[in-house]
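Enquirer: I would like the atomic coordinates for the input below:
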Amino acid sequence: MRIGSCRLNTVPRVMSLVLLAASLGWTQENPEEKLKAWVAEVKASMAQSKESMRQYTWVETTEISLKGEVKSRKQNDCRYGPDGTVQKTPTTAPEEQKKKRGLKGKIIANKKEELGDYMERAASLVKRYVPPDPASMQNAMQAGKGTVQLTPESKVILVFHDYDRPGDEFTLTFDGPGKRIDGVKVRSYLSEPEDAVGLTLTFSNLPDGTNYLSQSLLDAPAKKVQIKTTNFGHQK
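Expert: Down below sits the predicted model:
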């Protein structure tokens, strides 16, 4: 009975995959054409979501943690400007920090300066992957470094190698029927491959169906640093 039940539960999933594949002509396309079709779907979805986001304002919170302890927290009010870029207005006052004197003070100052430089480099790296760039996906695809697969839940997983730099990996999960991005995972590095960095992007949907980046988490294990950015409070 258990075996029969499992088989029955599997049938709808298999059928959904077959119908989804058939709707896209997968039975007649080669892998390159399948990947090309899905990159086009992702590009169209992103363009539509960006256009919808222009009518919203939202709050962005960024937390920087060192060795598991939150060291900095900033908040901005965000909206799209006339030029199509996100404009941010700080809503939190700069954090006041007492300066220590002597040798200990210099050591602390040097460490803060080093960490600040690292944060700038990390932030610059994040911008290379956020938001996902259809052009970079297309370049990796044309170089033969992209793959696509369907899941039983009708999700489409696109994997690209050398997306932004040699040796990195960019994985995007796309909701085929809903035509929206579910999430992105990145394995990359700063200056050298040894300085590995992981990036996880989570996407959500507003009541009108607008797809948006709800959270990004950058993990730099070599420095024991994490940067978490959360977007919320969307209002028209």
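
Enquirer: secondary structure class for the residue nearest to the spatial centre of the chain?
Expert: In the chain, the C-alpha nearest the mean C-alpha coordinate belongs to residue 201, at 3.0 Å (Cα atoms, centre = their mean). What DSSP: H, G, I helix; E, B strand; the rest coil gives for residue 201 is strand.

Enquirer: spit out the contact partners of it.
Expert: 129-130, 132, 183-186, 213, 215-216 (Cβ atoms under 8 Å, 6 or more residues apart in numbering). Placement of C-beta: from N, CA and C, glycine included.

Enquirer: any chance of those in JSON lines, plus neighbour count and secondary structure?
Expert: Shown next, in JSON lines, are these (neighbours: other Cβ atoms under 10 Å; DSSP: H, G, I helix; E, B strand; the rest coil):
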{"residue": "129", "neighbour count": "22", "secondary structure": "coil"}
{"residue": "130", "neighbour count": "16", "secondary structure": "coil"}
{"residue": "132", "neighbour count": "21", "secondary structure": "coil"}
{"residue": "183", "neighbour count": "18", "secondary structure": "strand"}
{"residue": "184", "neighbour count": "22", "secondary structure": "strand"}
{"residue": "185", "neighbour count": "15", "secondary structure": "strand"}
{"residue": "186", "neighbour count": "25", "secondary structure": "strand"}
{"residue": "213", "neighbour count": "21", "secondary structure": "strand"}
{"residue": "215", "neighbour count": "16", "secondary structure": "strand"}
{"residue": "216", "neighbour count": "20", "secondary structure": "strand"}
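
Enquirer: residue 146: which of the residues you listed is nearest?
Expert: Closest approach to residue 146 among those (Cβ to Cβ): residue 132, at 12.8 Å.

Enquirer: who's in contact with that closest one?
Expert: Neighbouring residues of residue 132 by Cβ under 8 Å, 6+ apart: 42, 46, 170, 172, 181, 184, 201.

Enquirer: out of those residues, which is most surrounded?
Expert: For the contacts of residue 132, counting by other Cβ atoms under 10 Å, the largest number of neighbours falls to residue 170: 26 neighbours.

Enquirer: I'd guessed that one sits against residue 160; true?
Expert: Yes. Applying Cβ atoms under 8 Å as the test, residue 170 and residue 160 come out as touching, 4.5 Å apart.

Enquirer: which positions in whichever helix or strand residue 217 is part of come out as buried?
Expert: Per DSSP states H and E: residue 217 is located in strand 211-220. In terms of neighbour count (16 or more other Cβ atoms under 10 Å), strand 211-220 has its buried residues at 211-216, 218-220.

Enquirer: want to throw these into TSV with distance to residue 32 and pLDDT?
Expert: Output for the buried residues of strand 211-220, formatted as TSV (distance: Cβ to Cβ, whole Å; pLDDT from 0 to 100):
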residue	distance to residue 32	pLDDT
211	26	95
212	30	95
213	29	95
214	32	96
215	33	96
216	30	93
218	32	92
219	33	93
220	35	90
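
Enquirer: and the residues you listed, which two are the farthest apart?
Expert: 211 and 220 (27.4 Å).

Enquirer: pretty sure residue 121 sits against residue 192.
Expert: No. Residue 121 lies out of contact with residue 192 (Cβ under 8 Å); the separation is 11.8 Å.

Enquirer: what about the strands in this structure?
Expert: 57-66, 69-80, 86-90, 146-150, 155-161, 169-175, 180-189, 196-205, 211-220, 225-235 (DSSP state E).

Enquirer: no further questions, thank you.
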